[in-house]
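**Q** Kindly generate the corresponding structure for this input.
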Amino acid sequence: MHPPLVSVLLPAYNAAPYLAAALDSIVNQDYRRLEVIAIDDGSTDDTLAILESYRKADGRIRIVSRENRGLIATLNEGLALASGDLVARMDADDIAYRSRLSRQVALFAQQPELAICGTGADTLIRNRLLRGTPHPIYRSGSLRALSKFFTLFLHSTVVYNRRVIPQDMLFYDGRYVHAEDFDLFRRIAERHPAAMIVESQLAYRQHEESVTARHRQRMRQTHLKIVGENLAAEALAPNPDILRGIGDAVTVETVRGTAEFLLALDEGIAALPEREKPSYQVGALNLFYFLYRMIGDEGRPALTHEFLTRTSKWGVIRRRERYGLRAAAAAPRLSLLSIAAARQVDAVEWYMKSKPAAAALQTG
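**A** You can find the predicted model right below:
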């Protein structure tokens, strides 16, 4: 009996600086029965030339090149072209570790009812790699519940099982631009088993030209739209439009409204059955941190101070952040200086915890 064919879906748009490393990591997987569907989405750099050179060396690579249509159209085109029962996502700027696909295929063999599987990931910034530490809730919590609050998996770690997921479910919805993965994962997890391999199987590259970096505002708006829809369906959201409001504009009014929303959400979760509470509580805390970062990025510490005070969540942020934000109402300039200093400390800590990427990736 042949092992299952894995179709690796790799969209690429002006990915030349990182594409070779991504392709090397896929064609050198220890799981060999795969096809790579690489779609050049109208690139204007050397992306297509790099893809062609790899196709000449490896017959498992198939290339589609045409005008730019955007990521969602590209992903759906790739799904339509995929031949495998298992479909793996891969981004053109990430690096998969050699055992990634074999680990995931083995899990699907052990759990044939499994619909989707993601993995942990390390973070790669320039020439430094930081090992990832997935939240313990992935080992014991409800992925269905967590999928209501955030994107369950890093998109480029996911494998879909088409023997379980209905064809009319496995598609990316154009209404959720820049959070299309969040939407798809929540739909799958609502009806089918999902699993996480907590060990890192991929290096996730962060850089200024990534989709996440270039479209952060739109991504946040769509993310909050999805969370609002999910919580409304669970009867946990008094007014999901509040989340859309702060996604559109961070103001004193939207900050206050969002704080009241979170307090009502906490009350709703407190009324859930005991076995369900932990996952929903982790999800709600993740939503708080998402909003906290979004408000903080406005560079107006008084708004963050208002948010923390109204939610009574001063105790869940780091001490170094509390020092700066406590002074926000009376001395906003001093607060900004303190926040900037805290970020410098964060950068130093990140560097000290990370390792040179070249050496670390060899053992990934």
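**Q** Please enumerate the helices of the stretch 151-300 of the chain.
**A** 180-191, 211-214, 216-233, 241-248, 252-270, 277-296 (DSSP state H, counting those that start in this stretch).
**Q** would a markdown table of these with mean pLDDT and distance to Glu67 be doable?
**A** All C-beta atoms are positioned from the backbone trio N, CA, C, and that covers glycine. Putting those into a markdown table (pLDDT from 0 to 100; distance: least, C-beta to C-beta, whole Å) gives the following:
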| stretch | mean pLDDT | distance to Glu67 |
| --- | --- | --- |
| helix 180-191 | 98 | 20 |
| helix 211-214 | 68 | 18 |
| helix 216-233 | 95 | 22 |
| helix 241-248 | 95 | 31 |
| helix 252-270 | 96 | 39 |
| helix 277-296 | 96 | 34 |
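**Q** closest one to Ala109 among these?
**A** Across the helices of the stretch 151-300 of the chain, the minimum distance to Ala109, taken as C-beta to C-beta, is reached by helix 180-191, at 19.2 Å.
**Q** Now do the closest one against helix 216-233, angle only.
**A** Taking axes from the mean of the first three to the mean of the last three C-alpha atoms, to 10 degrees, helix 180-191 and helix 216-233 form an angle of 20 degrees between their directions.
**Q** one step back: generate TSV for the helices of the stretch 151-300 of the chain, with distance to Asp85 and mean neighbour count as supplementary columns.
**A** Shown next, in TSV, are the helices of the stretch 151-300 of the chain (distance: least, C-beta to C-beta, whole Å; neighbours: other C-beta atoms under 10 Å):
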stretch	distance to Asp85	mean neighbour count
helix 180-191	16	21
helix 211-214	28	12
helix 216-233	28	19
helix 241-248	37	19
helix 252-270	38	17
helix 277-296	29	19
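**Q** now for those helices, which one comes closest to Leu130?
**A** helix 211-214 (16.5 Å).
**Q** one step back: the helices of the stretch 151-300 of the chain: which one's closest to Ala49?
**A** The stretch from those with the least distance to Ala49 (C-beta to C-beta) is helix 211-214; that distance is 22.0 Å.
**Q** okay, which residue is most central for this structure?
**A** Averaging the C-alpha coordinates of the chain gives a centre point, and the residue nearest to it by C-alpha atoms, centre = their mean is Leu154 (4.0 Å).
**Q** Which pLDDT value does the model give that residue?
**A** Reported pLDDT at Leu154 in the predicted model: 96.
**Q** phi, psi of it?
**A** Leu154 adopts backbone torsions of phi -60, psi 130, taken as degrees, to the nearest 10.
**Q** Quick check: it touching Gln206?
**A** No - using C-beta atoms under 8 Å, Leu154 and Gln206 do not qualify as a contacting pair, with a distance of 11.4 Å.
**Q** before we move on, the earlier item: excluding chain neighbours, what is closest to the residue nearest to the centre of the chain?
**A** On the basis of C-beta to C-beta, 6 or more residues apart in numbering, the spatially nearest residue to Leu154 that is not a chain neighbour turns out to be Ala121, at 4.8 Å.
**Q** And for Arg187?
**A** Met169 (6.0 Å).
**Q** what residue ranges in this structure score low on pLDDT?
**A** Low-confidence regions of the chain, defined here as pLDDT under 70, cover residues 1, 210-213, 329-330, 359-360, 362-364.
**Q** by how many degrees do the top strand by length along it and helix 180-191 diverge?
**A** Taking DSSP state E as the criterion, the chain has its longest strand at strand 194-205. Using the same axes, to 10 degrees, the direction of strand 194-205 lies 160 degrees away from that of helix 180-191.
**Q** got the buried residues for strand 194-205?
**A** Going by neighbour count (16 or more other C-beta atoms under 10 Å), the buried part of strand 194-205 is Ala194, Ala195, Met196, Ile197, Val198, Ser200, Gln201, Leu202, Ala203, Tyr204, Arg205.
**Q** From Leu285, how far off is the closest residue to Ser142 other than its chain neighbours?
**A** Setting aside the residues directly before and after it, Ser142 is nearest to Ser279 in space (C-beta to C-beta, 6+ apart), at 4.2 Å. In this structure, Ser279 and Leu285 are separated by 11 Å, where distance is defined by C-beta to C-beta, to the nearest Å.
**Q** And Ser53, by the same measure?
**A** With distances defined as C-beta to C-beta, the gap from Ser53 to Leu285 amounts to 47 Å.
**Q** could I get the helices of the stretch 151-300 of the chain as TSV with distance to Val348?
**A** Converted to TSV, the helices of the stretch 151-300 of the chain look like this (distance: least, C-beta to C-beta, whole Å):
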stretch	distance to Val348
helix 180-191	32
helix 211-214	22
helix 216-233	24
helix 241-248	32
helix 252-270	30
helix 277-296	19
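**Q** I'd like to know which of the ones you listed lies nearest to Ile125.
**A** In terms of C-beta to C-beta, the element of those nearest to Ile125 is helix 211-214, at 11.5 Å.
**Q** what are the C-alpha coordinates of whichever strand or helix holds Val36, in CSV please?
**A** Assigned by DSSP states H and E, Val36 belongs to strand 34-41. What follows is strand 34-41, C-alpha atoms only, in CSV (Å, rounded to 0.1, in the frame of the first residue of the first chain):
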residue,chain,number,x,y,z
LEU,A,34,4.8,14.6,-2.5
GLU,A,35,3.9,17.1,-5.2
VAL,A,36,4.7,20.8,-4.9
ILE,A,37,2.1,23.1,-6.5
ALA,A,38,3.9,26.5,-6.8
ILE,A,39,1.8,29.4,-8.0
ASP,A,40,3.5,32.5,-9.1
ASP,A,41,1.0,35.2,-8.5
